[in-house]
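Asker: what shape does this take:
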Amino acid sequence: MVTMVLSAQEESLIGVVRALPPEEAGKVLNWARQLADLAGGRTIEWSDSWTDEDLADAAAAAVQRFEDQERENR
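Answerer: Numbering: from 1, shown residues only. Down below sits the predicted model:
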């Protein structure tokens, strides 16, 4: 078994994707695979693309969407 060590930003991004509905998470993961293919094996520097504020906004939006769906399902 291989263990990966994730940065705090990577863990936050994974948390956001996990909070999405399955269909939307699939879209995000497909988009990430496409970006990885474009990178051609080069390391992607997430810090160049995602600020702490971006991650916080994305996490807050995912939590809000989850809470809205929970209210609708009651």
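Asker: now do the helices in this protein.
Answerer: 8-19, 22-39, 52-72 (DSSP state H).
Asker: including mean neighbour count, mean pLDDT and distance to residue 2, could the ones you listed go into CSV?
Answerer: Yep, even glycine has a C-beta here, placed from its N, CA and C like the rest. CSV is the format used below for those (neighbours: other C-beta atoms under 10 Å; pLDDT from 0 to 100; distance: least, C-beta to C-beta, whole Å):
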stretch, mean neighbour count, mean pLDDT, distance to residue 2
helix 8-19, 15, 86, 16
helix 22-39, 11, 87, 18
helix 52-72, 12, 84, 25
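Asker: and those as CSV, adding distance to residue 1?
Answerer: Formatted as CSV, these follow (distance: least, C-beta to C-beta, whole Å):
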stretch, distance to residue 1
helix 8-19, 18
helix 22-39, 22
helix 52-72, 28
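Asker: would you mind confirming that residue 17 is in contact with residue 28?
Answerer: Yes - between residue 17 and residue 28 there is a contact under C-beta atoms under 8 Å: 5.4 Å.
Asker: contacts only, for residue 12.
Answerer: For residue 12, the contact set (C-beta atoms under 8 Å, 6 or more residues apart in numbering) comprises 55, 59.
Asker: neighbours around residue 20, how many?
Answerer: When counting by other C-beta atoms under 10 Å, one arrives at 17 neighbours for residue 20.
Asker: shouldn't it be in contact with residue 61?
Answerer: No - counting by C-beta under 8 Å, residue 61 is not a contact partner of residue 20; they are 9.8 Å apart.
Asker: shared neighbours of these two, anything?
Answerer: Residues touching both residue 20 and residue 61 by C-beta under 8 Å, 6+ apart: none at all.
Asker: now residue 18: closest residue in space, sequence neighbours ignored.
Answerer: Nearest residue to residue 18, sequence neighbours excluded (C-beta to C-beta, 6 or more residues apart in numbering): residue 25, at 7.1 Å.
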